[in-house]
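> I would like to see how this sequence folds:
(2 chains)
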There are 2 protein chains.
Amino acid sequence: MATLTVFNFMTLNGFTADAQGGIDWHRHGGEEGAYAAERANSGSMLLFGRRTYAMMASFWLTPMAAQMQPETAKGMNASPKVVFSRTLRSAEWENTRLVSGDPAAEVRRLKSEQQRPLTILGSGSIVTLCAEAGLVDEYALMLDPVLIGAGAAFAHGITGRRDLRLTEHRLFRSGVLLLRYRPV
Amino acid sequence: MATLTVFNFMTLNGFTADAQGGIDWHRHGGEEGAYAAERANSGSMLLFGRRTYAMMASFWLTPMAAQMQPETAKGMNASPKVVFSRTLRSAEWENTRLVSGDPAAEVRRLKSEQQRPLTILGSGSIVTLCAEAGLVDEYALMLDPVLIGAGAAFAHGITGRRDLRLTEHRLFRSGVLLLRYRPV
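A predicted model of the protein is given here:
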C-alpha cells in the first residue's frame, strides 16, 4: 500500500497562491532547494491537477530550470507523473500519464497497486478531493513568514474538520517552517 | 510608544473561525491555558471588534469561566479594554471604553500615548485595518493541528504582502505551535 503525501508552500495565513495564482512570496533559499531536490529524487510518483501541471511542466522543461536547480529538475523530469484533467488531450512532459476519470478513484487504485510513494504537488482541487475521500497520509507544508490578503486557501472546501498530528517541524534560515502532519 | 500585538488561534490552513464563527477546533490544553493566563495578566490594554468583544464578554463574565480558568478570567476582567463599534450603545464588561470613531486613528493615538502594550484578540476586521495601516508590531499565533474547509481567513483583505520574521516558535504537547512574528 503506497502512502499519499500532499506537499505545498503556504503563506502564514493559509494561502497556497495569491488571487492571481502567484507564488512569488515563497522564499526559496538553499535549504528549501535542498529539501525540494531530495523530495524530487525520492522515487515518488507525482500527482497533479491540470493547472499546477501546466505551470510545472513549463518551468521544469526549460534549460533555465536545469541550470538553476539541476538536481530537482532531473528528479522532476524523471519521476513518473499523473495529471488529472477532463480537458487536456495530451500531456507533453516526459513520463506523464493523463487521467480523465475520477481522481479519487484513481488515487485509491494507485495507493493499492503502487510500490512508490505518491505525492501531490500544489493542485488544490485534487488535494481537497483526496482529503475529502480520506486518502491523504501526510501533509508536508512549507509555511512562509508572509501574509497576503486573498487567494487560494489550502484544503479549501473540505467538509467537517481533519485533526492532525505534528510529526516534524524544522526551521529554515529563511524563516520558512517545514511542518509535517499526519491525520489522526 | 506602546507596541501592538495581534493574538489569534488559527487552523493550519489560516482560518481563525469556521463558517459559523466557531472555534471549537482550538485545542486548549494546560500549556495553552498557562500561556493565555500569562498574557491576560501582563498588563496589556485589550482591543476588540464588536463581535469578538460580545463573545468574550459573555464568556469571561460567567461564574463558569471564573471557576475553569480563574487566573485568565481575573486578568481579562481587570484589563483595560477598548471595543470598536459604530452600533453598540454601551459596553457592559468592566473597564471597557467604547470607541465609535476610526479604529486605525484611535490605535495610532493609543500607541503614541499609552505606556501599556496593546493587544488585539481575535477581531479580524480590526486586525486587517491595523495591518493595512502598518500599526502591528507583532503577530502571536497559536497554530492548531487541524484543517477546516471554510471560514474567516486571518488578515483577510490586506493589500499587497507583509513579510515577517519569526522570533519564537514553541510546540505545546497538544500539537499546537505558538508562533511569534514581527513585520520586516
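
> what is the mean pLDDT for stretch A:8-17?
For stretch A:8-17, mean pLDDT is 97.

> ok, stretch A:74-89 next?
The average pLDDT within stretch A:74-89 is 96.

> can you list the buried residues in it?
For stretch A:74-89, the buried set under the neighbour-count rule, 16 or more other CB atoms under 10 Å in any protein chain shown, comprises A:75-77, A:79-85, A:88. C-betas here are computed from N, CA, C, even on glycine.

> please apply the same query to stretch A:170-183.
Under 16+ other CB under 10 Å, the buried positions of stretch A:170-183 are A:172, A:174-182.

> for these, which one is nearest chain B?
In terms of CB to the nearest CB, no member of those lies closer to chain B than residue A:175, at 5.0 Å.

> quick one on the thing from earlier: which of the buried residues of stretch A:74-89 lies closest to chain B?
Using CB to the nearest CB, residue A:84 is the member of these that lies nearest chain B, at 19.9 Å.

> near chain B, which residues of chain A show up?
Within chain A, the residues that sit near chain B (CB under 8 Å from any CB of the partner chain) are A:10-15, A:18, A:25, A:128, A:131, A:139, A:141, A:145-150, A:153-166, A:169, A:171, A:175, A:177, A:179, A:181.

> among the residues you listed, which ones are buried?
A residue is treated as buried here by neighbour count (16+ other CB under 10 Å); on that basis the buried members of those are A:10-15, A:18, A:25, A:128, A:131, A:139, A:141, A:145-150, A:153-156, A:158, A:162, A:164, A:166, A:175, A:177, A:179, A:181.

> just the ones of the residues you listed in helices?
For those, membership in helices holds for A:128, A:131, with DSSP state H as the criterion.

> thinking again about what came up before, can you redo the buried residues of stretch A:74-89 as a markdown table with secondary structure?
Below are the buried residues of stretch A:74-89 laid out as a markdown table (DSSP: H, G, I helix; E, B strand; the rest coil):
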| residue | secondary structure |
| --- | --- |
| A:75 | helix |
| A:76 | helix |
| A:77 | helix |
| A:79 | coil |
| A:80 | coil |
| A:81 | strand |
| A:82 | strand |
| A:83 | strand |
| A:84 | strand |
| A:85 | coil |
| A:88 | coil |
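
> residue of chain A nearest chain B, please.
Ranking the residues of chain A by distance to chain B (CB to the nearest CB) places residue A:14 first, at 2.0 Å.

> please name the residues that touch residue A:176.
When contacts are counted by CB atoms under 8 Å, 6 or more residues apart in numbering or on different chains, residue A:176 is found next to A:27, A:29, A:31-32, A:142-145.

> pLDDT at the residue nearest the centre of chain A, what is it?
With distances taken as CA atoms, centre = their mean, the residue of chain A nearest its centroid is residue A:121 (1.4 Å). The per-residue pLDDT reported for residue A:121 equals 96.

> then residue A:97?
If you check residue A:97, the pLDDT there is 98.

> that one belongs to a helix?
No - counting by three-state DSSP, residue A:97 falls outside a helix, being strand.

> wait, it touches residue A:82, no?
Yes - between residue A:97 and residue A:82 a contact is recorded at 5.3 Å, counting by CB atoms under 8 Å.

> how about the strands in chain A?
Listed in chain order, the strands found in chain A under DSSP state E are A:4-11, A:15-18, A:45-49, A:81-84, A:96-99, A:118-121, A:138-144, A:146-148, A:151-153, A:161-171, A:177-183.

> which other helices and strands does the fifth one contact?
Counting by 3 or more CB pairs under 8 Å, 6 or more residues apart in numbering or on different chains; DSSP states H and E, the packing neighbours recorded for strand A:96-99 are strand A:81-84.

> please apply the same query to the second one.
Packed against strand A:15-18, as judged by 3+ CB pairs under 8 Å, 6+ apart, are the following elements: strand A:4-11, strand A:151-153.

> run the last query once more with 10 Å
strand A:4-11, helix A:50-60, helix A:124-132, strand A:146-148, strand A:151-153 (3 or more CB pairs under 10 Å, 6 or more residues apart in numbering or on different chains; DSSP states H and E).

> can you tell which of these is closest to residue A:117?
Distances from residue A:117 to each of the helices and strands packed on strand A:15-18 were compared using CB to CB; the shortest belongs to strand A:4-11, at 6.5 Å.

> ok, and for that closest one, which residues are buried?
For strand A:4-11, burial by neighbour count (16+ other CB under 10 Å) applies to A:4-11.

> out of these, who's nearest residue A:112?
When the buried residues of strand A:4-11 are compared for distance to residue A:112 (CB to CB), residue A:4 wins out at 11.4 Å.
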